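Q: any chance you could fold what I've pasted below:
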Amino acid sequence: MASIEELVKKYSVEIYADLEKLVNINSFSTNTPGLHILSEVLLDIAEKHGIQFEKKFVGEDDAGPPHLLYTNKNRDDYYAFIGHFDTVHPPESDFNQLVKDGEKWIGPGVNDMKNGLLIALYTLVILKDLMPLEKIPLKILFNSDEERSSLTSRYIIEEELRDATGGFVFESGRLPGDMIVTRRKGLMGLDVELFGKPSHAGEAPLAGINAIVDAAVIVEKLNRLNNASEGVSLHCTEINGGIARNVVPDYCRVGADIRVPDRVKQEELIKKIDQLLSDKNFVNSQIEYKINIKRDPFLRTDKSARLIEKYINTASSLGFQIRETSSGGGSDANNLSSYGVPVIDGLGALGDFPHTKKEFMVKKSLLDRLIIFSSFFYELICEEKFSGDS
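A: Have a look, this model is predicted:
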């Protein structure tokens, strides 16, 4: 029987060709035609290896952005792989093609996270060469809206993946060094609306209630809730108000981005925001606000620690020294772990500068990470005693 390293070498040429094809298809989160085209390419790659995904839609609109789900219907128990194929680069961007610069491959989604899709998919291809497909306890979700906080695919995660034995998310590995992600901050959004009173700014400025001035007071008070030492950040990143220079503005909206390290800090901060914005005395405008929890914190747990240790030990046995890191950005690891599933993230190839025109992947790391994860997952499922084995 061929070794995993030999199988990775066998598939290496087509893996790199597949990645080039994926990167050169624009899959901006709202480019629905592009998302459909890319999903068909992923389906073709999988079908070439005898693996059948199905297209999934949330709601009744099958013309909307597609998600792809693979399920081993012979197993009730399963692990979950998750990756996304949407990117942040719109079709009109001049950053829409893969550029090969030696070991540095540059392009939209090459790092975040089209390489990770192939590591997840070819792990199954490789394991299929080592054991019967029906024996592999696995579900794979490739979604098309992660960059929009998994607006619809979060419901597929809840319905299909929440009972997973363990979860693996193939966002890019981190530099410097060779790192996986084992913790991520939770993400919340805050929208504050202020309703003042309009008036002529020259004739009767004192007759109005200036919503922009009151918004400035609120921004200053919200800014005081930042606590870098405890990993809490609250930054007012949007402000909109006013219709003309000579009109006292009767409306202003403030938007804030909030990151918290754990659920305790999340609850504490929500309480502080409620206390602040429920006070009707410190501004003259009427205040309406909404706190939206977009992603709960992704925490390192005792259960995930066992998976992390095994992954690091497997990598070490193969000559790779893996370290752990945390991230301030959210991913589907936040969503899956919120159901108590132990998760490892950052399992993709190494790279940097996601969401920019400098986004790149280290070419060799794609195969290195595939060898590590395939070896780890093969050992994991061979060691476990699943109820489906008899």
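
Q: give me phi/psi at the spatially closest residue to residue 250 that is not a sequence neighbour?
A: Nearest residue to residue 250, sequence neighbours excluded (CB to CB, 6 or more residues apart in numbering): residue 198, at 4.1 Å. Every residue, glycine included, has its C-beta placed from N, CA and C. Dihedral pair for residue 198: phi -80, psi 150, per degrees, to the nearest 10.

Q: so what's the closest residue to residue 172 other than its chain neighbours up against?
A: Ranked by CB to CB, 6+ apart and with sequence neighbours excluded, the top spatial neighbour of residue 172 is residue 348, at 4.3 Å. Applying CB atoms under 8 Å, 6 or more residues apart in numbering, one finds that residue 348 lies in contact with 83, 111, 113, 115-116, 119, 170-173, 369.

Q: can I get those residues in CSV with secondary structure, pLDDT and neighbour count?
A: Shown next, in CSV, are the contacts of residue 348 (DSSP: H, G, I helix; E, B strand; the rest coil; pLDDT from 0 to 100; neighbours: other CB atoms under 10 Å):
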residue, secondary structure, pLDDT, neighbour count
83, strand, 98, 28
111, helix, 97, 30
113, helix, 97, 30
115, helix, 98, 34
116, helix, 98, 32
119, helix, 98, 26
170, coil, 98, 31
171, coil, 98, 27
172, coil, 97, 28
173, strand, 97, 30
369, helix, 98, 28
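
Q: JSON lines please, covering those and showing distance to residue 251.
A: Formatted as JSON lines, the contacts of residue 348 follow (distance: CB to CB, whole Å):
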{"residue": "83", "distance to residue 251": "41"}
{"residue": "111", "distance to residue 251": "40"}
{"residue": "113", "distance to residue 251": "39"}
{"residue": "115", "distance to residue 251": "45"}
{"residue": "116", "distance to residue 251": "43"}
{"residue": "119", "distance to residue 251": "48"}
{"residue": "170", "distance to residue 251": "44"}
{"residue": "171", "distance to residue 251": "39"}
{"residue": "172", "distance to residue 251": "41"}
{"residue": "173", "distance to residue 251": "46"}
{"residue": "369", "distance to residue 251": "50"}
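
Q: now flag whichever of those is closest to residue 245.
A: residue 111 (44.4 Å; CB to CB).

Q: give me the nearest residue to that closest one, chain neighbours excluded.
A: In space, and not counting its chain neighbours, residue 111 is closest to residue 351: 3.4 Å by CB to CB, 6+ apart.

Q: a strand runs through the one you found, doesn't it?
A: Yes - with DSSP: H, G, I helix; E, B strand; the rest coil as the criterion, residue 351 is assigned to a strand.

Q: correct me, but it touches residue 175?
A: Yes - counting by CB atoms under 8 Å, residue 351 does reach residue 175; the two are 7.2 Å apart.

Q: who has more neighbours, those two?
A: Neighbour count, other CB atoms under 10 Å: between residue 351 and residue 175, residue 351 has more, with 25 against 15.

Q: for that one, what are its contacts?
A: Contacts of residue 351 (CB under 8 Å, 6+ apart): 110-112, 115, 172-173, 175, 359-362, 365.

Q: can you lay out those residues as CSV showing distance to residue 2?
A: Listed next are the contacts of residue 351 as CSV, based on distance: CB to CB, whole Å:
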residue, distance to residue 2
110, 28
111, 30
112, 32
115, 23
172, 28
173, 25
175, 31
359, 34
360, 31
361, 26
362, 26
365, 22
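
Q: I'd like to know which of those residues is nearest to residue 241.
A: Using CB to CB, those come closest to residue 241 at residue 112, 33.8 Å.

Q: so what's that closest one closest to, chain neighbours aside?
A: Counting by CB to CB, 6+ apart, the residue nearest residue 112 is residue 354, at 3.7 Å.

Q: for residue 114, see how far away the one you found is.
A: 11 Å (CB to CB, to the nearest Å).

Q: all the helices of the stretch 251-390 of the chain, in order from the start?
A: Taking DSSP state H, counting those that start in this stretch as the criterion, the stretch 251-390 of the chain carries its helices at 263-277, 302-317, 332-337, 363-383.

Q: any idea which of those gets closest to residue 100?
A: Closest to residue 100 of the helices of the stretch 251-390 of the chain, according to CB to CB: helix 363-383, at 7.9 Å.

Q: off-centre distance for the closest one?
A: 21 Å (CA atoms, centre = their mean, to the nearest Å).

Q: tell me which residues in it are buried?
A: For helix 363-383, a neighbour-count test (16 or more other CB atoms under 10 Å) marks 363, 365-381 as buried.

Q: what of stretch 139-151?
A: Neighbour-count burial for stretch 139-151 flags 139-150 (criterion: 16+ other CB under 10 Å).

Q: start and end of that stretch, how far apart?
A: 20 Å (CA to CA, to the nearest Å).

Q: ditto for stretch 138-155
A: Distance across stretch 138-155, first residue to last, is 18 Å (CA to CA).

Q: if we can go back for a sec, who has more neighbours, residue 354 and residue 114?
A: residue 114 (31 against 19).

Q: now the more buried one: closest residue in space, sequence neighbours ignored.
A: residue 22 (4.5 Å).

Q: before we move on, which element is that neighbour in?
A: helix 4-23 (DSSP states H and E).

Q: who are the packing partners of that helix?
A: Judged by 3 or more CB pairs under 8 Å, 6 or more residues apart in numbering; DSSP states H and E, the packing partners of helix 4-23 are helix 32-48, helix 115-130, helix 363-383.

Q: now the last one and helix 4-23, what's the angle there?
A: Right, the one you point to is helix 363-383. Interaxial angle, helix 363-383 versus helix 4-23 (axes from the mean of the first three to the mean of the last three CA atoms, to 10 degrees): 120 degrees.

Q: tell me what helix 363-383 is packed against?
A: Using 3+ CB pairs under 8 Å, 6+ apart, helix 363-383 is in contact with helix 4-23, strand 79-84, helix 115-130, helix 302-317, strand 350-352.
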